[in-house]
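Make a model of this:
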Amino acid sequence: WVKEATRIAPIEIFTTNYDILIERALELANIPIFDGFVGAHNPFFLPDSLDREELLPPANWVRRWTIHGSINWQLDEKFRPVRIIRTQPALTGEMILPSHRKYDESRKQPYTALLDRLGQVLNREHSLLITCGFSFGDEHINSLIFSVLDNRPTANVISLQHGELSQDTPLVKWALARTNLEVIGPNAAVISGRWGTWRLLNAVDNSTSAFMDLAFDSDAWEETEGGEFDPNANIRLGKMRLGDFNWFCQFLNTMRSRAEDKP
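Residues are numbered from 1 along each chain as shown. Have a look, this model is predicted:
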């Protein structure tokens with residue numbers, strides 16, 4: 001999808017994961033990627049490259065930002081000031097692990113530069129951030145996202161959640177107070193500040209069911225009072241699948257711009 005998507009602006013991927021799955025996938029697809037590191041022998045992190053657009057690669061490159069560090073980062077103390085270099089993956093990589101020191105560590109470079117980059121992207125006019133697999137459990141990232149949403153009405157966040165939603169959860173309450181934060185869960189969603197559970201008033205058209213079922217499981221039926229499903233019910237239950245990364249990727253693949261589809 002990334003390789004064939006037609007775009008005038010670059011795709012920017014932010015992750016709190018430490019692994020290099022995304023980098024490997026992009027490389028296997030021959031997609032150029034930039035992560036803020038420069039150099040050839042021991043590439044080092046250059047904060048200025050995140051602030052100055054003229055130093056960034058063109059739109060056909062993917063920009064990938066690892067907010068909490070990576071298993072292939074190392075602290076190089078031979079230089080003053082010390083710097084972060086990219087090396088081979090190791091369990092001793094430079095990472096912000098869950099701990100009481102997490103928020104203090106995230107105030108250091110390169111983490112401050114990466115958070116600043118997230119803020120810059122969100123602060124663009126009509127920006128859109130789609131999250132998948134992010135539970136909003138990081139205090140600094142939450143503060144940044146909600147600050148932008150509150151001060152820039154044209155910024156939008158769509159959060160795809162894997163677990164079922166409840167009106168009592170903090171994320172749902174935050175979304176109910178903001179029309180530009182949408183939360184999509186398997187059982188329910190908050191859209192434009194309104195809560196609702198998924199329902200199908202009409203059966204899915206057979207001609208579109210293959211595409212539809214990538215995003216939404218429409219095979220469930222409304223339950224009767226006895227707890228069984230009624231095949232004659234007018235309203236059907238359903239389950240949104242996009243919070244599952246596997247289904248999300250399959251859905252993205254259907255949106256590719258194929259050469260044979262172009263005039």
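
Now for residue 90, how many residues are close by?
Residue 90 has 11 neighbouring residues, counting by other C-beta atoms under 10 Å. Just so you know, the C-beta spots here come from the backbone N, C-alpha and C atoms, and that holds for glycine as well.

Please read the previous query as pertaining to residue 146.
For residue 146, the neighbour count with other C-beta under 10 Å is 16.

what does the one 3 residues further on give?
The burial count assigned to residue 149 is 21, neighbours taken as other C-beta under 10 Å.

quick one, what contacts it?
Taking C-beta atoms under 8 Å, 6 or more residues apart in numbering, we find residue 149 in contact with 155, 157, 178, 180-181.

Scan these and report the most crowded one.
Counting neighbours by other C-beta under 10 Å, residue 181 leads these with 25 neighbours.

Kindly provide the distance from residue 121 to residue 45.
Using C-beta to C-beta, to the nearest Å, one obtains 18 Å as the distance from residue 121 to residue 45.

Between the two, point out the one with more neighbours.
Using other C-beta under 10 Å, the more surrounded residue of residue 121 and residue 45 is residue 45, with 22 against 19.

Run a quick check on the more buried one versus residue 110, I expect a contact.
Yes - applying C-beta atoms under 8 Å as the test, residue 45 and residue 110 come out as touching, 4.6 Å apart.

overlap in contacts of those two?
Between them, residue 45 and residue 110 share these contacting residues under C-beta under 8 Å, 6+ apart: 36, 84.

Show me the shaky parts of the stretch 51-200 of the chain.
Within the stretch 51-200 of the chain, the stretches with pLDDT under 70 are 91-109.

one more time with 50
Scanning the stretch 51-200 of the chain for pLDDT under 50 picks out 99-107.

which residue ranges form the helices in it?
Here the stretch 51-200 of the chain has its helices, by DSSP state H, counting those that start in this stretch, at 102-105, 111-122, 139-151, 170-176.

Going by neighbour count, list what's buried in the third one.
To tie it back to what came earlier, the one meant is helix 139-151. 140-141, 144-146, 148-149 (16 or more other C-beta atoms under 10 Å).

Distance to residue 214 added to those, as CSV?
Shown next, in CSV, are these (distance: C-beta to C-beta, whole Å):
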residue, distance to residue 214
140, 34
141, 28
144, 31
145, 27
146, 31
148, 30
149, 28
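
where does residue 223 land on pLDDT?
Looking at residue 223, its pLDDT stands at 52.

hmm, back to that, now, among the buried residues of helix 139-151, which is nearest to residue 134?
Relative to residue 134, the closest of the buried residues of helix 139-151 is residue 141; by C-beta to C-beta it sits at 8.0 Å.

Residue 119 is in contact with that closest one, correct?
No - the pair residue 141 / residue 119 is not scored as a contact, 10.1 Å apart, by C-beta under 8 Å.

now do the same end-to-end measure for stretch 3-16.
Using C-alpha to C-alpha, to the nearest Å, the end-to-end distance of stretch 3-16 comes to 23 Å.

next one: stretch 36-46
6 Å.

which parts of that stretch are buried?
Applying 16+ other C-beta under 10 Å to stretch 36-46 flags 36-37, 44-46 as buried.

any residues touching that stretch, and which ones?
Here stretch 36-46 makes contact (C-beta under 8 Å, 6+ apart) with 47, 49-50, 55, 65, 73, 76, 83-87, 109-110, 113-114.

hmm, which of the residues you listed are the buried ones?
Buried among these (16+ other C-beta under 10 Å): 47, 49-50, 65, 73, 83-87, 110, 113-114.

Reformat those residues into a markdown table and put distance to residue 212 next to each item.
As requested, these are exported to a markdown table (distance: C-beta to C-beta, whole Å):
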| residue | distance to residue 212 |
| --- | --- |
| 47 | 44 |
| 49 | 42 |
| 50 | 39 |
| 65 | 33 |
| 73 | 41 |
| 83 | 49 |
| 84 | 45 |
| 85 | 47 |
| 86 | 42 |
| 87 | 45 |
| 110 | 42 |
| 113 | 41 |
| 114 | 37 |
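
closest to residue 243 among those residues?
residue 65 (21.8 Å).

I'd say the closest one and residue 117 touch.
Yes - the pair residue 65 and residue 117 qualifies as a contact (C-beta under 8 Å) at a distance of 5.7 Å.
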